[in-house]
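**Q** sequence and predicted model, in that order:
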Amino acid sequence: MAHPESVHSEVKPKILYFGTPVVLISTENADGSFNLAPVSSAWALGHSIVLGLGEDGHTLSNLRSRPGLTINYPEPHLWEAVERLASLTGANPVPKTKPAQTTYRADKFAAAELSQQSSVGVRPPRVKECGVQLEAKVSGISPSASGGFAIVECGVEKVHVRQSLVIPGTQHIDPGRWEPLIYNFRHYFGLGKEHGFSYRSETPDRSLQTGRSLQTGRSLQAELQPDEPASATCRYAPQSVL
């Protein structure tokens, strides 16, 4: 009889989020104020960061007109700040394609309870609480083959790293000290235990079954009743993070 660990099943998951770092993208609005949005579709290719952004998102709209941005990497303890941005958009009026719970908020930094830190070469500010901050400019925007998304290539111009994360006397980030916030099938992890789960998660009970001790972005009862109106105390997963 085959060992269970060697047996594979064909499945059809709704999402393919096998675990990627969450980033907070800061962009400039048309009026000179700034937007902040969480994104999980971000990966590095050399000194470029490639982003997957929804076509109906305010972040993409900003970048089409004003290509400067900052890409900020939160650490696990900031997962609730990421969640506070989840049901918010900087677009007014709210696009009809957005989920029903989405509301407009002009000051996304305040909504997330995060601080602006001036950038050097671009107008959008960095997120002060994030240990790694990148200043970048868009070098190309391409439509996705499946539609609904755009592939945004960003050239990184400056890298800011909290001093305690840099190996003394070098230009290297200490991998033993740096821990990104990981979005793993709509649950939040560091490089170890789970820290919480998104309101869009369909497997919140896994945290209970595995005996993990964590805080949840939304109560289990609310998670199991997705059509029930959310209370003001609920935390939501990022709309940019599908």
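**A** Ah, there it is. Because the structure is a prediction, the values reported are computed rather than measured.
**Q** quick one: contacts for residue 17?
**A** Residue 17 sits next to 40, 183-186, 242 when contact means Cβ atoms under 8 Å, 6 or more residues apart in numbering. Placement of C-beta: from N, CA and C, glycine included.
**Q** lowest-confidence helix or strand of the protein?
**A** helix 220-223 (a mean of 33; mean pLDDT, DSSP states H and E).
**Q** tell me where the chain has helices.
**A** Using DSSP state H, the helices of the chain run over residues 58-65, 79-84, 108-112, 205-209, 220-223.
**Q** where among those is the average confidence lowest?
**A** Of all those, helix 220-223 carries the lowest average pLDDT, namely a mean of 33.
**Q** ok so, going back, scan the contacts of residue 17 and report the most crowded one.
**A** The most crowded member of the contacts of residue 17, judged by other Cβ atoms under 10 Å, is residue 183 (27 neighbours).
**Q** so, low pLDDT: which residues of this protein?
**A** 1, 199, 201-242 (pLDDT under 70).
**Q** now stretch 45-54: buried residues?
**A** 49, 51-54 (16 or more other Cβ atoms under 10 Å).
**Q** what's the farthest-apart pair in these?
**A** The two members of the buried residues of stretch 45-54 with the most space between them (Cβ to Cβ) are 49 and 54, at 17.0 Å.
**Q** does residue 41 really touch residue 20, like I thought?
**A** Yes. At 7.0 Å, residue 41 counts as touching residue 20 under the criterion of Cβ atoms under 8 Å.
**Q** name the residues contacting each of the two.
**A** Joint contacts of residue 41 and residue 20 (Cβ under 8 Å, 6+ apart) do not exist.
**Q** would CSV of the contacts of residue 17 with distance to residue 147 be doable?
**A** Below are the contacts of residue 17 laid out as CSV (distance: Cβ to Cβ, whole Å):
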residue, distance to residue 147
40, 19
183, 23
184, 26
185, 24
186, 22
242, 14
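**Q** in strands, which of the residues you listed appear?
**A** The members of these that map onto strands under DSSP state E are 183-184.
**Q** now the two most distant members of the contacts of residue 17.
**A** Within those, 184 and 242 form the most distant pair, 13.5 Å apart (Cβ to Cβ).
**Q** ok so, going back, of the contacts of residue 17, closest to residue 120?
**A** Among these, and counting by Cβ to Cβ, the member closest to residue 120 is residue 40, at 26.5 Å.
**Q** residues contacting the residue lying closest to residue 44 once chain neighbours are set aside?
**A** Distances taken as Cβ to Cβ, 6 or more residues apart in numbering place residue 50 nearest to residue 44, at 7.7 Å, with adjacent residues excluded. Contacts for residue 50 (Cβ under 8 Å, 6+ apart) come out as 42-44, 151-154.
**Q** can I have the buried ones of those as a ChimeraX selection?
**A** To isolate the buried members of the contacts of residue 50 in ChimeraX, using 16+ other Cβ under 10 Å:
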select :42,152,154
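**Q** and which of the contacts of residue 50 is nearest to residue 168?
**A** Among these, and counting by Cβ to Cβ, the member closest to residue 168 is residue 44, at 24.1 Å.
**Q** any idea what the closest one is bridged to?
**A** Bridge pairing for residue 44 (DSSP bridges) gives the partners residue 49.
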